[in-house]
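Asks: Sequence plus predicted model, see below.
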Amino acid sequence: MAIVLEMKGITKQFPGVLANDNISLDVREGEIHALVGENGSGKSTLMSILYGLYQADKGEIYVRGKKVDISEPRVAINLKIGMVFQHFMLVEPLTVAENIVLGSELKRGPFLDYDQAVKEVERLSASYGLKIDPHAKIEDLSVGLHQRVEILKALYRGAEILILDEPTAVLTPQEVDDLMEVMRSLRENGTSIIFITHKIREVLAISDRVTVLRRGKKIGTKDTADTNAQDLAEMMVGREVLLRVEKTPAQPKEEVLQVNDLVVKDSRGSIRVNGASLSVRRGEILGIAGVEGNGQTELVEAIAGLMRPQSGQIMLSGKDITNWSPLRIKKAGLGYVPEDRHKRGLVLDYSIADNLILGLHADEPFCGVMGFHSRKAIMDNASKLVEKYDVRPPYPQQRAGALSGGNQQKVVVAREFNQDPELLICSQPTRGVDIGAIEFIHQQVVAQRDRGAAVLLVSAELDEILSLSDRVAVMYNGRIVAVLDREEADEQKLGYLMLGGSLEDYKAGGGNSHVG
Amino acid sequence: MWDIIKLLLNTTVFAATLRMATPLMFTAIGGIYSERSGVVNIGLEGMMLIGAFAAVAVSYFTGSAWLGFLGAILAGALMGFIHGVASIKYRANQVVSGTAINIFAGGLTVYLQRLIFNMAGVSPAVPRINDVTIPLISKIPWIGPIIGKQNPLVYLALLTVVISHIVIFKTVWGLRLRSVGEHPRAADSVGINVYKTRYVAVTISGALAGAGGAYLSIAHLSRFVEGMTAGRGFIALAAVIFGKWNPLGALGASLFFGYADALQMRLQEIGIPTQLVQMLPYILTMIALAGFIGRAVAPKASGEPYVKEG
Ligand SMILES: Nc1ncnc2c1ncn2[C@@H]1O[C@H](COP(=O)(O)OP(=O)(O)OP(=O)(O)O)[C@@H](O)[C@H]1O
Ligand SMILES: [Mg+2]
């Protein structure tokens, strides 16, 4: 197969970080080339250079045999290179069709030919099986659909080399399957795809070759057929990685969290949690499985005091904490790793050290007499946690926003876990996090359980739910529809329940038929 | 009771409404271009004032009010461009830059006024843009007295609103403008020049504010009075928000504020304090911002300088 793209000796220095160190990569026509590596290993940087958003300090790029100078995205687009970014690049108040044609519009004089744009989107969406309403506004669509729009955007520009930067991180399992279908059909049409992911399962399932980066350097490229999960994990992390969670059976004690008949409405007034009840005991991990958007977020935010429940009751260690303020709930023993670390977990413009005392900022030893902060206490705390939780690079003074996604997550985890909470809520704790860090975070969750915390885990990843939980609750349509012991739960059964099937039907053999 | 209703629906009040709304329309539309591109323009007030002065100065020296109007547009555009350089190139805080322009404009116009005309407070009378009577329309009952005989700038302002609506929502440039103000990085990633788009938008913004100022000095009056904008730039800004960053919305808001303005003299006659009526635009803006009249959502990147990385 012909080589369509060659990057040679790409080097990129950011202040203090050598993000890409002499990396070479070649991509063949019609192949899916996986690009993997830990958080901060330089994947997004390398692809941003290819797309013209960053300029390499050194190195050359050849497209279809010709040396090119990609000084800005426009050049990449003309070379038929398309990119779907890790953080989507969509304009929320505009429609799907407007977003897709933006920058390469169909014109009638100075006017936008919107009808033609809609037709074009419909044509593309039909020929690749990417169903979408061209008139819908981006802000009204789910993340999975956003991604679809991004892919259509690249295809509309005639992309023959398509970069997908962590496209699966925010998708539900069903959406991941759909995406893989699309990727296969694109490959059949001769499109080359560079596919960035942290999930080894996906690499093995779909890629033809895989390139591994570690700390800015290329470790190697292999045919996917010649490798396996353990091998890839080791190449990525540079040591042996446990792909399973090691834990002893749970020793649950008394109930720490009780939620009774909780009803929560969102800001638009629609009911998101509709009479949910559950309990979590000291020394166990209760996992909540469910397709995203079935009320998990609101349930958790209500427990944390960030949303006000309509009715119902929340008890923490025997105290009724319903309608308490978030700070008061935190003081009563809640540790909370929120699903959106940017919105809820960190102040990106603060240093790592300051982020590590959020919520504790008014307490001893960080806050002394007269309300002045003790820099020394804050820095000591930071140095200790940065080391213990392996935040990289380990500079407490660094702005949190400059960390890679996985390392930002470690900062949140470090702060919340270090307070030895009675109740620990972890929402999507490993989203966008590399396998080394996943292993670490999982070990810490189990350690918290064994210390005696009650752990409530919410995850869209069934794998994560199944490997960590001692009991599994399934949430559907704002309700907890089933609670299973870990031994009773398997992927198929949970999948059935998550889509609205009932346990009785499943036992009656409904598990083999399809639920809609 | 009947008297009040007659007063509220009076054709002379409506005609005055249009006149009072005209400078607001020009300036608010200017504000929309700027804000839609992601640049907050607090400096509208100052740009108006400089436009008002430039109109009088050019009209004085050339003897042509229309050349004066052109001069106001150019002077406003220059101020807009300067605001652009400060906030786009040098990434200055846009509120600070705009405020600086307001203070600068106040000082500069007073200085030039005394330098050129050698008079304190007001300039001599200069040629003004005269009202026109539209033959057929002026004969229509009720409508005629309102829109049949007005200043040409009144019609031009209305035309500006309509054209801007089309430019912003129907043209390719308008689509790009909106994308730049909402998500500049996304616009950049599809090859749109964020900086250039913003420069063009703020410059247009200044030009229109200049036109708004010119209306005050060489259409409404025929001379420059120090500080004559008297907060209208801020009311225009309020109209931008109240009109939800839409030209037609801003038109509605300008007309409404103009109506309040036109009414206030009459209301005084029946004993309602003027100050109360003057507060109206601001109170309404706060209500709009608080979300009582649907959602008033600013362009997301408004006020944030764009920094290209790497
Ligand atoms: N604009 C920037 N300025 C400074 N440093 C940066 C910038 N972008 C990335 N870096 C640094 O460069 C390194 C590589 O980052 P990059 O985003 O390429 O990693 P990645 O492999 O995509 O990680 P992840 O899997 O978390 O997305 C990291 O250490 C990161 O902190
Ligand atoms: Mg990345």
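Replies: That came through fine. Ligands and ions are numbered 1, 2, ... in the order given.
Asks: element containing A:Leu385?
Replies: Element membership for A:Leu385 (DSSP states H and E) is helix A:375-388.
Asks: sorry, that was for B:Met119
Replies: Going by DSSP H and E, B:Met119 is not in any helix or strand.
Asks: Quick check: the gap between it and B:Ala65.
Replies: To B:Ala65, B:Met119 is 20 Å away according to Cβ to Cβ, to the nearest Å. Placement of C-beta: from N, CA and C, glycine included.
Asks: who has more neighbours, those two?
Replies: Higher neighbour count among B:Met119 and B:Ala65: B:Ala65, with 23 against 12, using other Cβ atoms under 10 Å in any protein chain shown.
Asks: Provide a list of residues in contact with the more buried one.
Replies: B:55, B:59, B:126-130, B:218 (Cβ atoms under 8 Å, 6 or more residues apart in numbering or on different chains).
Asks: before we move on, the earlier item: what is the helix holding A:Leu385 packed up against?
Replies: For helix A:375-388, the packing partners by 3 or more Cβ pairs under 8 Å, 6 or more residues apart in numbering or on different chains; DSSP states H and E come out as helix A:352-355, helix A:405-417.
Asks: Of all those helices, which one comes closest to ligand 2?
Replies: Ligand 2 lies closest, by Cβ to the ion, to one member of the helices and strands packed on helix A:375-388: helix A:405-417, at 6.8 Å.
Asks: Tell me which helix or strand comes right after the closest one.
Replies: strand A:423-427.
Asks: What residues does chain A have near ligand 2?
Replies: A:44, A:86 (Cβ under 5 Å from the ion).
Asks: Distance check, the residue of chain A most remote from its centre against B:Trp173.
Replies: Largest separation from the mean C-alpha position in chain A: A:Gly109, at 42.6 Å (Cα atoms, centre = their mean). Separation of A:Gly109 from B:Trp173 (Cβ to Cβ) stands at 11 Å.
Asks: Which residue is the nearest non-sequential neighbour of B:Leu255?
Replies: Using Cβ to Cβ, 6 or more residues apart in numbering or on different chains and skipping residues adjacent in sequence, the residue nearest B:Leu255 is B:Ala21, 4.9 Å away.
Asks: ditto for A:Arg272
Replies: Using Cβ to Cβ, 6+ apart, the nearest residue to A:Arg272 is A:Glu298, at 4.0 Å.
Asks: What strand or helix carries the one you found?
Replies: Per DSSP H and E: helix A:296-303 holds A:Glu298.
Asks: which ones are touching the nearest residue to A:Asp490 once chain neighbours are set aside?
Replies: With sequence-adjacent residues excluded and distances taken as Cβ to Cβ, 6+ apart, A:Asp490 is closest to A:Leu466, at 7.6 Å. Listed by Cβ under 8 Å, 6+ apart, the contact partners of A:Leu466 are A:287, A:472, A:486, A:489-491, A:494.
Asks: And B:Gly191, by the same measure?
Replies: By Cβ under 8 Å, 6+ apart, the neighbours of B:Gly191 are A:72-74, A:77, A:103-104.
Asks: Same check on A:Gly359?
Replies: A:327, A:330, A:415.
Asks: Dump those to JSON lines, plus neighbour count and pLDDT.
Replies: What follows is the contacts of A:Gly359, written out as JSON lines (neighbours: other Cβ atoms under 10 Å in any protein chain shown; pLDDT from 0 to 100):
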{"residue": "A:Leu327", "neighbour count": "11", "pLDDT": "92"}
{"residue": "A:Lys330", "neighbour count": "19", "pLDDT": "93"}
{"residue": "A:Arg415", "neighbour count": "25", "pLDDT": "95"}
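Asks: Closest one to B:Ala15 out of those residues, please.
Replies: A:Leu327 (58.7 Å; Cβ to Cβ).
Asks: Where does that closest one sit, in terms of helix or strand?
Replies: Assigned by DSSP H and E, A:Leu327 belongs to helix A:326-331.
Asks: Beyond that helix, next helix or strand please.
Replies: With secondary structure assigned by DSSP H and E, helix A:326-331 is succeeded by strand A:334-337.
Asks: Show me what that next one is in contact with.
Replies: Residues contacting strand A:334-337 (Cβ under 8 Å, 6+ apart): A:300, A:303-304, A:316, A:330, A:345, A:412-413, A:416-417, A:419-427, A:429, A:448, A:453.
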